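Visitor: Fold the following for me, if possible:
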Amino acid sequence: MLNLEIRPLQEADQTEVDEILTATGMFSAAEIEVADELLDVFLHKPGQKDYQVYVAHINDRQVGGYVCFGPTPATEATFDLYWIAVAPELQGHGIGRQLLHFTENECQAQGAKLLIIETSSKELYRPTQAFYQKNGYQIEARIKDFYAPGDDRLIFTRRF
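Guide: Residues are numbered from 1 along each chain as shown. Sure thing, here's the model as predicted:
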């Protein structure tokens, strides 16, 4: 049984988060670089309010997943979930669901009425799309060929 604690990202967690992003096989090097930039903002700019990063700390010894979210600039009560990832060997144990529910609760506590999640339409992302739908998210929009020809941007939403 997994003993899970969700807590703010710490400097020592960054390497494990990078390993998770790489191990999933879902993200390109450029995407991981963007994720790292957001981790750095969270860790090294304590006054910023754009990015909130939490890790799922498993069995008091490892980072099993992480989530990054924050208020959408220039909006009222809208938040974005920027990143969520779980180590491949730990997928299917409810860690992603717990991170997602934690995010929803945190966003609502901060006044959110809408949470937006964007993802790719590629076949590789079908399990991700199913995960969001299973957790109450609807596809609100599709932008054809956004990421590349044949790779649409899917915009999932959930209203609170």
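
Visitor: Contact partners for residue 57?
Guide: If a contact means Cβ atoms under 8 Å, 6 or more residues apart in numbering, then residue 57 has 4-7, 63-64 as its contacts. Yep, even glycine has a C-beta here, placed from its N, CA and C like the rest.

Visitor: Same check on residue 115?
Guide: 69, 78-81, 103-104, 107, 157-158, 160.

Visitor: which of the contacts of residue 57 tops the neighbour count?
Guide: residue 64 (25 neighbours; other Cβ atoms under 10 Å).

Visitor: other SSEs contacting the strand or helix carrying that residue?
Guide: Per DSSP states H and E, residue 64 falls inside strand 62-71. Secondary-structure packing of strand 62-71 (3 or more Cβ pairs under 8 Å, 6 or more residues apart in numbering; DSSP states H and E): helix 14-24, helix 29-44, strand 52-58, strand 78-86, helix 95-109.

Visitor: how many degrees apart are it and strand 52-58 in direction?
Guide: 160 degrees (axes from the mean of the first three to the mean of the last three Cα atoms, to 10 degrees).

Visitor: rewinding a little: output the helices and strands packed on strand 62-71 in CSV; the columns should cover mean pLDDT.
Guide: Shown next, in CSV, are those (pLDDT from 0 to 100):
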stretch, mean pLDDT
helix 14-24, 96
helix 29-44, 96
strand 52-58, 96
strand 78-86, 97
helix 95-109, 98
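
Visitor: Next, format the ones you listed as CSV and append distance to residue 149.
Guide: As requested, those are exported to CSV (distance: least, Cβ to Cβ, whole Å):
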stretch, distance to residue 149
helix 14-24, 24
helix 29-44, 17
strand 52-58, 32
strand 78-86, 25
helix 95-109, 29
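
Visitor: Taking the contacts of residue 57, tell me the two that lie furthest apart.
Guide: Distance extremes for the contacts of residue 57: the farthest pair is 7 and 64 at 12.0 Å, using Cβ to Cβ.

Visitor: so, if you compare the contacts of residue 115, which one comes nearest to residue 48?
Guide: Nearest to residue 48 among these is residue 69, at 13.4 Å by Cβ to Cβ.

Visitor: surely residue 117 meets residue 137?
Guide: Yes - taking Cβ atoms under 8 Å as the definition, residue 117 is a contact partner of residue 137 at 6.4 Å.

Visitor: And those two? Which one has more around it.
Guide: Neighbours were counted for residue 117 and for residue 137 using other Cβ under 10 Å; residue 117 has more, 25 against 21.

Visitor: circling back: need the residues touching each of residue 117 and residue 137.
Guide: Common neighbours of residue 117 and residue 137 (Cβ under 8 Å, 6+ apart) are 156-157.
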